[in-house]
Every structure is written in C-alpha cells, then in structure tokens.
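Novice: pasting the structure only:
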Ligand SMILES: [Zn+2]
C-alpha cells in the first residue's frame, strides 16, 4: 500500500471527509497514488502487442486441422506451452480423458419418391491452401449424436424450437416416426434434436439455409465471406443446458481414475441420430416435400416452395461413431503473485477447433498470447503483480467446453477459495467491443473500455459503443447511453469457456471480443482458415491488438488493485430490472392465455377455419395466477442500500489515499476485505442448483433450457413462467430472494470493513 503524505496527515488528524467522486484518472480499486504507478505500467503494456506477430502465430496454429485427439492438437499444445515458457511464465500441459465421438459412418439419402444421396463433403477451394487437407479433416457431423440407422418420412420444422411444433400441430402435421429437417439458427443446435425427440421424431437433419449465412447475406466463399453451397456447420449436440463437459463425468474431473458413466448411461447424448448438411444437400430433400406451404417467416433462401411435408418423401439416415476416450491437452501458465499470491486472476481462450479454426478460436487465442508475452516483458522490467495470474489455452471447447469444465471441476475447491475472476475470449473480429458477464464487474470493465482505442475510428472502444447505442436506440436507450455512468453489459448464457467458472463455481466472469462489422458464413467449416481470415475479417490484426490491450489491462488491474474492483450498485439495479421484466412477462403471458382461451371458447378458430387448408384450434391452457414478487423486490432493495453504503465507504477510502479506519494503511484489513469480495459472486449461487439441472448453480444467469446459448436471467423464475409451471414460480422467487439477501449481507460487511466510522 502506497500512501501519500497528505492523506496520512488527514487520517492521523482524525478529520472527517466529504465524499467526492475520485479524480477521473483514478482507476477503480486503486488510490490516486497507486493509479499513477499502474497507469505507467499499462502504458508500457499497451505498446507491446504486435499485429504482425498475431498474424504469424495464426498462420502457424491454423496450418492443419487441430480438433480434440488429433496430432496437430497435441503439437499446438506443446508449442503453446513452450511459448508461455519463453515469455517467462511457468507452463504445463494438464491432461484429461474424455468421451469424444468421431464419425465412422454417415449416410443421408432420399429413398422415395425419387432417390438422391447427400455428398456430406466440403470440396477443396482452389486458391485456399488448407481447404484440401481432407486426410486430417474431421468429416461433417454433430458430435454426441447417438448411433442410429433410421428410415422415415421427412418433415420440415423451421428452426425446430418448441414454438415451431405448436405451428406444426395447428397444421395437423405430426413428426412421430419421422425424420425432421431443421434450419440452423433460432436456437443453439443441440436444442433441435432434443425437442424433435420430445415430439417423437426418430432422426434429425440440420442444414444451413442460404438466407441465414449463405448467398442471402452476401457473396459466398471464396469470392466473399459467406457460406458456399457445400459448406457445412459442424458442432456438438450434447445436451449442454443440462451440463457441459465430458458426458461421462458430470461434476467431477475426467482424470485417469475418475468414476465414469457408461456411454449408454450418459444423459447428455442425443436420443435420436443427427447429422448436419449443406444447403446443396438439403435442396433436393426439401424440394421433395409436399403438404401445406409453410408460413412466410419459415421460408429460407432456396429457390423452392417450402412445405411442411411429409407426403411421399422418405429419408434414410445412418450415423455411427467411434466412441473411444480421447486425451485433452489444456495448457496452464502461471505468473506468480507477490503479496496476494493466493488470489488468482484467470484468463482463458480455447485452442482446439473443428477443423483449421482460424477465426474460431485462433483469432482470440493470438490476442491472449500477445498479452502473455507483454506481461512477461513487464515482469522482466520489474513489474510484479500482487495476485497470481493464470493463463489457460483450453482444449475441447468445441465438443462442449470439455477442457475448461474438466479443469474447473478438478480444481473446484481451490477455485472456490482463490479465484478472483475469470476473463474469457473466443473468436475475435472487427467492430465493437462486446462485453458480457457479471454485473458486479460492469463498472470495472467500463473503466477498462475507456482506456482502449478503437483502431479504425480513433475514439475509445467505450465511446464507439456509446455512439452505437445512441444511433440505434429508442429515445429511452439514447437517454440512458448519454446519462448513465456506465454502459450496460449483457448477461452470459453459454457457448464458451466461462460457463464452468461463472455458472458452476460462482467465479465472477467477463467475456470479451470485437465483432459486428465482420460478416461470415464459414463457422465450423473447413473454410474457417487462415486464407478466409486474412481476406475477410480483421485482416490487419488491429482488432486483435485492441482485444489484447483490453483483456490484458483488465487482467493487470484485477491483479494489481489494492481493493478488488467490484461494485454492487449496477448489480442491484440490474437485478431490479430483471424482476420488473419478470413481472411484465407474467402479465403478458396472463393476457395472452386469457385472450386465447376466450377465443377458443367463443368458437373463433372453428368459424375462421378455411376447410381447404384446415387449421386445428389450439387447446385451452391454465390461466396464469398472480405471483408473489415481494420477497425478491425487498431483497433487491436491501442489496441497493448495501451497494450504496459500500460505494460511500469506497469513495472515502480513495479520498483518504487508501488509508482505512483509524489510520491503518492496509495490508491486513484489506486482505480480509478482498477475501470477502472474492466470495460475492459465490453468494449468488446455491449448492442445489437449478431444477432439472443441478450442475448449474448460479441463480441470476444460465443458458436457456430451450435456447441453449441464449441467456435466461433469474432462470428458475423465468423458465417456470415461460413454461407455464405456475406452481413452482413462488418457490423459485424465494430462492432468488435468498441469494440477493446473502449478497446484501456480504456487501454490508464489506462496506463496514472499508468504512471510517466503525
Ligand atoms: Zn470457439
């Protein structure tokens, strides 16, 4: 703790202090004095990340296919470990043995009324040097599809989400015993076979419609960035909203001697076989469908009439995989802390890909590597972080967050005790700095964004985001963008490696990445490679440098701060917003159900029915009861009061130049405070977890049970309302209220520890 002479005098003189906002260049968690030192190191840090080096590293890491279990995955892991070591870090590879199926047999064919055999192959593109590495490429498939050999009528189900099946029902179309064909999009892909199986389907095809990421959106590869006719999106279809990670070892690390489920017992493997196909392969199948024409919102970009089916079209689908265990290579690097070495700041990006994966994940990984090199450089110049910094390059993210989840589960007890925060990135592109995560870090990350320059507009990334919100927003959003102290960050659902940290262990997390000005249709295909990235995305790697600057500064501030930079006013306000949304959701559902029930009882559907294209009336639904929101509203009020108390204590602490009460300068009382602050995110979790999915412990953020990646905030309450499970809603409200009350109590104690008046 550094202490200025004047603040020491104040403290010793026992004067009282009028709180005022800290000087604008005072960093959250630092005193005016320690901010100056930090800013000096940060200025040196920002100058180091080098776009040319990022380009070179991407070319090397994406040179060959490097999926889980492949030779080049291991080669990359060893190279990454050696890079970290050359930067001055301690680095090791940590192995886990996980279930990762790879395809042995794949057949999709139309067997009636005509025949057609799907290619299931992405062709070499002339000029793209890695697109022809067929020997090493994983074939197009969906990992964790169960083996199967089925033949049945084909039905088109739009995006294959629950609402689509309601529409099918009204048209009298059943998928029982059928193979469904769904478009990619509208939900995470694993939801499609899950919902199809719930409705009795026996197989599932998922295709990329050209309207969504093909010629409907721009020129296709190699002329442009969009998906070509035979491009296929690979991807996992394991039931990730139930739990991510190795399907055989939920909740525990997949170490050598871990107790495992058999493959037959694993609950997250699909119930029906699934394969992804291109729009080239989908067109003959969809053209063969008869039956009613689908609603306008279901139609894609192929030059055909989209119909529900089934009619005469019958499809044969066969999938068979090699179900052996494969070895994960997580690269874990450490830079030791000094005075607070047992507090860990963790940063990660995955290194495995579906194929060559230049965008996903190497674009984010090379930024992380440049951060590590820069931090290593500062270390050689004499910079010493207070806290231990851990940089991870995860394996097995693509099949289901395997590397991060198994590592987090293996080290769960240590992480619950020591982890300060987790910072994630994944793909990176051009445009706006996207930030999602824990709202206790919203104020902190706003501060970081203000100190990163957007490379193409020369305003800060924060300013550019603010202008975007003003330009796009409603009057209310515009007012908020101009007047609210911090720009809002989104909540995290799932889709990358923050999930085990945030939603299983309750480690405050942030996900960072640039995007929004980088159209593309090569996601999870062989064309996501160095050629594509250096022609169509962040071709000069300047946004790679900006990501390294943003994430690296965030890491430095978390590692160096005197007081950990959590703030709870935004968390309290955000929690209150969520409750208001839930009240509105209940009222909208109540109105909609009452209106529809009345229409059914009045005979509206029967009277409006067109006998030539008949529609079935929907069925009566239970009316929505009134709900008891008072406990959670009282809890958000308590948290808001505690958060304000903490802010007052914090502002006074900064004003005094970092002196705690009674003139104490620091170390021991701050240690107790920081240990408490580390537990703040844990207080929002519950050991019992969410209903039907106990692996997910966070009561504010979870991926949606029927949306996958998409977040559900206050998920227990929200999903019970959405799914009409009215009898469980009040109990779920009570659980959230209890969590927010725990948080309020913790924040009150933290304020007490930081305040002068004890
Ligand atoms: Zn990724």
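Specialist: Yes, it's here. The structure presented is a predicted model; accordingly, all values stated were derived computationally and were not measured.
Novice: How about the residue in the stretch 451-600 of the chain positioned nearest to the ion, nearest residue that isn't a chain neighbour?
Specialist: As assessed by Cβ to the ion, the ion sits closest to residue 496 within the stretch 451-600 of the chain, at 6.0 Å. For glycine as for every other residue, the C-beta is placed from the backbone atoms N, C-alpha and C. Sequence neighbours aside, residue 426 is the residue nearest to residue 496 in space, at 4.5 Å (criterion: Cβ to Cβ, 6 or more residues apart in numbering).
Novice: how much space between residue 249 and the ion?
Specialist: 22 Å (Cβ to the ion, to the nearest Å).
Novice: Make sure that residue is actually in contact with residue 402.
Specialist: No. Checked against Cβ atoms under 8 Å, the pair residue 249 and residue 402 is beyond contact range at 10.1 Å.
Novice: Looking at those two, which is more packed in?
Specialist: Taking other Cβ atoms under 10 Å, residue 249 and residue 402 do not tie; residue 402 has more neighbours (31 against 24).
Novice: so who does the more buried one touch?
Specialist: Residues counted as contacts of residue 402 (Cβ atoms under 8 Å, 6 or more residues apart in numbering) are 68, 96, 98, 100, 244-246, 254, 328, 395-396.
Novice: Leaving out sequence neighbours, find the closest residue to it.
Specialist: residue 396 (3.0 Å).
Novice: tell me which parts of the stretch 251-400 of the chain are close to the ion?
Specialist: Within the stretch 251-400 of the chain, the residues that sit near the ion (Cβ under 5 Å from the ion) are 360-361.
Novice: Could you list the low-confidence segments of the stretch 251-400 of the chain?
Specialist: Low-confidence segments of the stretch 251-400 of the chain (pLDDT under 70): none present.
Novice: what sits in contact with each of residue 249 and residue 402?
Specialist: Common contact partners of residue 249 and residue 402 (Cβ under 8 Å, 6+ apart): residue 98.
Novice: do stretch 506-516 and the ion meet?
Specialist: No. Stretch 506-516 lies out of reach of the ion by Cβ under 5 Å from the ion, never closer than 9.9 Å.
Novice: what comes up buried for that stretch?
Specialist: Neighbour-count burial for stretch 506-516 flags 506-515 (criterion: 16 or more other Cβ atoms under 10 Å).
Novice: Mind checking the pLDDT average for it?
Specialist: In this model, stretch 506-516 carries a mean pLDDT of 98.
Novice: Quick check: residue 336 vs the ion, distance?
Specialist: Residue 336 sits at a distance of 29 Å from the ion (criterion: Cβ to the ion).
Novice: is it true that that residue touches residue 342?
Specialist: No. Residue 336 is beyond contact range of residue 342, at 10.6 Å (criterion: Cβ under 8 Å).
Novice: Give me the common contacts of these two.
Specialist: What both residue 336 and residue 342 touch, as defined by Cβ under 8 Å, 6+ apart, is the set residue 388.
Novice: The residue of the stretch 1-150 of the chain found nearest the ion: what secondary structure?
Specialist: In the stretch 1-150 of the chain, the residue that lies nearest the ion is residue 67 (12.0 Å; Cβ to the ion). Secondary structure state of residue 67, per DSSP: H, G, I helix; E, B strand; the rest coil, is coil.
Novice: If I look at the nearest residue to residue 494 once chain neighbours are set aside, what pLDDT would I see?
Specialist: Here the nearest residue to residue 494 in space, its sequence neighbours aside, is residue 703; by Cβ to Cβ, 6+ apart that works out to 3.6 Å. At residue 703, the pLDDT value in this model is 96.
Novice: now the strands: where do they sit in the stretch 501-650 of the chain?
Specialist: 509-516 (DSSP state E, counting those that start in this stretch).
Novice: can you count the residues close to residue 176?
Specialist: 11.
Novice: ok so it is a helix residue?
Specialist: No. Counting by three-state DSSP, residue 176 falls outside a helix, being coil.
Novice: Can you verify my assumption that it contacts residue 198?
Specialist: No. Applying Cβ under 8 Å, one finds residue 176 not in contact with residue 198, separated by 11.2 Å.
Novice: hmm, back to that, need phi/psi at the residue nearest to residue 496.
Specialist: Main-chain dihedrals, residue 426, degrees, to the nearest 10: phi -140, psi -110.
Novice: Enumerate every residue touching it.
Specialist: 349-350, 360-361, 364, 397, 495-497, 511, 513.
Novice: Double-check residue 236 against residue 142; I have them as touching.
Specialist: Yes. If you go by Cβ under 8 Å, residue 236 and residue 142 touch, sitting 7.0 Å apart.
Novice: need the helix or strand of this structure with the lowest average pLDDT.
Specialist: Of all helical and strand segments in the chain, the minimum by mean pLDDT, DSSP states H and E falls on helix 5-13, at a mean of 35.
Novice: Give me the common contacts of residue 236 and residue 142.
Specialist: With Cβ under 8 Å, 6+ apart, residue 236 and residue 142 have common neighbours residue 189.
Novice: would residue 321 count as being in a helix?
Specialist: No. Counting by three-state DSSP, residue 321 falls outside a helix, being strand.
Novice: ok, it - how many residues close by?
Specialist: The burial count for residue 321: 20, using other Cβ under 10 Å.
Novice: Near residue 396, how many residues? Count them for me, please.
Specialist: 31.
Novice: cool, and the one 5 residues further on?
Specialist: Here the count is done by other Cβ under 10 Å, and residue 401 has 27 residues near it.
Novice: Once you drop chain neighbours, what's closest to it?
Specialist: residue 244 (4.2 Å).
Novice: That neighbour contacts residue 405, correct?
Specialist: Yes. Here residue 244 reaches residue 405: they are 5.2 Å apart, a contact under Cβ under 8 Å.
Novice: quick one: common contacting residues for the two?
Specialist: By Cβ under 8 Å, 6+ apart, the residues touching both residue 244 and residue 405 are 499-500.
Novice: ok, which residues in this structure are in contact with the ion?
Specialist: So far as Cβ under 5 Å from the ion goes, the chain lies against the ion at 360-361, 426.
Novice: Which of these sits closest to residue 609?
Specialist: Lowest distance from residue 609 to these (Cβ to Cβ) belongs to residue 360, with 47.7 Å.
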